[in-house]
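[1] just to be clear, the model below is a prediction. Sequence and coordinates:
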Amino acid sequence: MKIKGIKKRYWSLVILSLILISALVSLYDGKIAPNIGKDYTSLVLRNVNVVSMKANEKQLQAKQLVYILNGTIKNIEPDYGQTVEADIEIRGEGKYLIPGLIDAHTHFFDVKDLPQSISYGVTSVRVMSGFPMHLRWREKINTGAIVGPRMVISTPAFNYGNDIGPFHINVDEIDIHSRIKSYKEKGYDLVKVYSGLQEGHLKEIHLAAEKIDIDVAGHMPNDFEAVDAFLGGKLTSIEHIEPISEVLFNNKPDSANIAKFCNEVLKNKIAVVPTMTVVQNNVRVIEEGNHFIETHDRLVNPLVKKMFVNNRVKRLKNASKGLQKAFTEENELNKVILKGLHANKVTIVAGTDTGPVYTVNGLSLLEELETYVENGFSNYEALETATANAAKLLGKKKLGQISEGYQADLVLLNENPLKDIKAIHDREGVITRNKYFNADELHNLLEIAQDKTGYYRTVVRLLESLLFL
């Protein structure tokens with residue numbers, strides 16, 4: 001009896017401690033930049049050049065009047081100087097309006113990364129390993145306490161075998177159906193699957209997902225025998241190019257095996273999220289050294305640097321000629337597959353896998369789009385991967401285009417991105433969630449973002465995530 005009493009008190013103390021940790025972490029989130037940006041009920045952009053990303057429409061509509069009411073685009077028409085009353089009027093002469101950008105594969109470890117995304121024109125994200133803090137941050141964004149992007153949030157990764165990480169769900173230790181149902185009830189939007197899963201696991205996950213109508217996305221399985229099960233069911237997207245190369249092509253892609261894979265993907269209406277930036281950044285550290293590091297270092301949380309960045313950067317900077325060649329060859333293989341997917345008209349959706357080797361929220365998405373252009377995409381097609389294509393993948397029917405009735409998530413650029421994709425780096429303003437951020441205010445958001453959350457606070461947040469998976 002005494003032992004039972006001790007155990008009861010022990011577990012009561014553990015539960016109380018967990019509740020306390022959760023409460024403290026919630027307080028750490030606070031309010032982030034709620035007073036930056038101009039609130040509006042009505043807003044008009046005048047004489048602006050519109051890149052609507054709307055199917056079957058000219059790529060560029062010159063000198064347009066765009067009228068927004070309560071966060072929705074109400075009217076788009078040529079600007080003849082007609083009288084329009086609005087809370088905010090923006091002169092758009094010589095400027096270019098594109099839809100807000102969407103990053104379909106992110107990881108957020110720092111609440112300050114949320115305003116950082118907005119500062120780079122990224123107005124929506126898909127978080128591809130969701131934790132309780134992400135659900136909490138989304139709610140605070142929705143209420144205006146935090147400036148940040150719209151968030152679609154996956155479950156933690158379902159996995160099996162030797163590849164299981166500390167934040168993964170071991171399918172051998174759970175009832176798959178009840179766990180997926182529980183995650184949907186908590187507010188998670190899709191199920192993430194990881195590379196260690198076997199054929200039976202994937203079939204069970206798809207069956208559970210179909211029963212409650214929740215999407216599935218994730219990594220190509222390491223086991224070739226599990227590929228068909230992976231590609232079935234509720235799968236909406238394949239994440240990363242490297243596993244495709246390793247599992248399906250034995251790192252020897254050619255036009256024939258790429259075309260065969262593309263046929264399967266097209267048949268099942270599955271998108272591919274290449275995350276080219278991750279491997280490419282390995283090469284950039286080798287080739288550009290400190291210049292590349294210094295331009296990205298200020299955008300990374302200190303704990304993330306310790307966990308994902310510092311050791312890899314040290315290894316890259318000290319790499320032998322042979323190892324440098326291996327990283328370069330891996331990057332070139334990815335380019336071959338990307339070009340093959342594009343040539344076979346597979347739906348490509350932009351994502352960055354923020355976290356490893358200076359892939360950072362906001363900036364890395366712009367670099368991802370530049371990589372697509374460097375590998376044969378037109379500027380319009382590259383923009384499409386982070387607007388119309390991404391919105392469709394995320395199930396956001398009123399995002400990704402500049403069209404009447406759509407949500408007014410917009411980026412105003414100073415140069416034409418259809419002529420030079422690098423124009424996406426030169427932002428005059430961002431419109432999202434009934435707020436307009438001018439260039440100075442975007443700079444203010446970036447300054448706030450660079451003052452990252454401290455090392456130990458981040459540890460507490462991740463501890464909470466680990467405890468409440």
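    Sure, I can see it. Numbers count the residues shown, from 1 in each chain.
[2] what's the helix or strand containing Leu43 packed up against?
    For Leu43, the enclosing helix or strand under DSSP states H and E is strand 42-50. Helices and strands touching strand 42-50, by 3 or more CB pairs under 8 Å, 6 or more residues apart in numbering; DSSP states H and E, are strand 61-69, strand 88-91, strand 96-99. Using the backbone N, CA and C atoms, a C-beta is placed for each residue, glycine as well.
[3] most neighbours per residue, which of the ones you listed?
    Per residue and on average, the most neighbours among the helices and strands packed on strand 42-50 fall to strand 96-99, with a mean of 26 (mean count of other CB atoms under 10 Å).
[4] partner strands of the strand holding Leu43, parallel or antiparallel?
    strand 61-69 (antiparallel), strand 88-91 (parallel), strand 96-99 (parallel) (DSSP bridges).
[5] turn the helices and strands packed on strand 42-50 into CSV, including distance to Asn389 and mean pLDDT.
    Listed next are the helices and strands packed on strand 42-50 as CSV, based on distance: least, CB to CB, whole Å; pLDDT from 0 to 100:
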stretch, distance to Asn389, mean pLDDT
strand 61-69, 20, 98
strand 88-91, 27, 98
strand 96-99, 11, 98
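[6] can you list these in a markdown table and add distance to Glu464?
    Formatted as a markdown table, these follow (distance: least, CB to CB, whole Å):
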| stretch | distance to Glu464 |
| --- | --- |
| strand 61-69 | 38 |
| strand 88-91 | 39 |
| strand 96-99 | 34 |
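[7] residues of the host helix or strand of Val373 that come out buried?
    Assigned by DSSP H and E, Val373 belongs to helix 363-374. Of the residues in helix 363-374, 363-373 count as buried by neighbour count, 16 or more other CB atoms under 10 Å.
[8] what about Gln450, distance to Leu338?
    Separation of Gln450 from Leu338 (CB to CB, to the nearest Å): 31 Å.
[9] tell me which of those two has more neighbours.
    Set Gln450 next to Leu338 and count neighbours by other CB atoms under 10 Å: Leu338 wins out with 23 against 14.
[10] measure that one to Pro78 for me?
    38 Å.
[11] related to what we said a few turns ago, what's the closest of the strands paired with strand 42-50 to His168?
    Closest to His168 of the strands paired with strand 42-50 is strand 96-99 (CB to CB; 33.9 Å).
[12] immediately after that closest one, which helix or strand?
    In N-to-C order, the element after strand 96-99 by DSSP H and E is strand 101-106.
[13] so what touches whichever helix or strand comes after that following strand?
    In the C-terminal direction, the helix or strand that comes right after strand 101-106 (DSSP H and E) is helix 113-119. With CB atoms under 8 Å, 6 or more residues apart in numbering as the test, helix 113-119 has contacts from 32-33, 36, 103, 108, 123, 125, 137, 141, 146-149, 299, 301, 354, 360-362, 430, 432, 437, 442-443, 445-446, 448-450.
[14] what do you get if the cut-off is 6 Å, keeping everything else the same?
    32-33, 146-149, 361-362, 430, 442, 445-446, 448-449 (CB atoms under 6 Å, 6 or more residues apart in numbering).
[15] and stretch 277-286, by the same measure?
    Stretch 277-286 has contacts (CB under 6 Å, 6+ apart) with 292, 313, 316, 324, 327-328, 330-331, 334, 352-353, 356-359, 364, 367-368.
[16] which of the residues you listed fall within helices?
    Under the assignment DSSP state H, the contacts of stretch 277-286 contribute 292, 313, 316, 324, 327-328, 330-331, 334, 364, 367-368 to helices.
[17] most neighbours of all the residues you listed, which one?
    Ser364 (29 neighbours).
[18] surely that one touches Thr352?
    Yes: proximity of Ser364 to Thr352 meets the contact threshold set by CB atoms under 6 Å, at 4.1 Å.
[19] partners of the closest residue to Glu85 other than its chain neighbours in the sheet?
    Setting aside the residues directly before and after it, Glu85 is nearest to Ser42 in space (CB to CB, 6 or more residues apart in numbering), at 7.3 Å. On the basis of DSSP bridges, Ser42 takes part in beta bridges with Leu69.
[20] quick one, what contacts Ser42?
    By CB under 6 Å, 6+ apart, the contact set of Ser42 is 69, 86-87.
[21] likewise for Gly400?
    Gly400 touches 99, 387-388, 391, counting by CB under 6 Å, 6+ apart.
[22] secondary structure class of it, three-state.
    Put simply, Gly400 is coil when judged by DSSP: H, G, I helix; E, B strand; the rest coil.
[23] and the pLDDT for it?
    Looking at Gly400, its pLDDT reads 98.
[24] chain neighbours aside, what residue packs nearest to it?
    Closest residue in space to Gly400, ignoring its immediate chain neighbours: Ala391 at 2.7 Å, by CB to CB, 6+ apart.
[25] alright, calling it a day.
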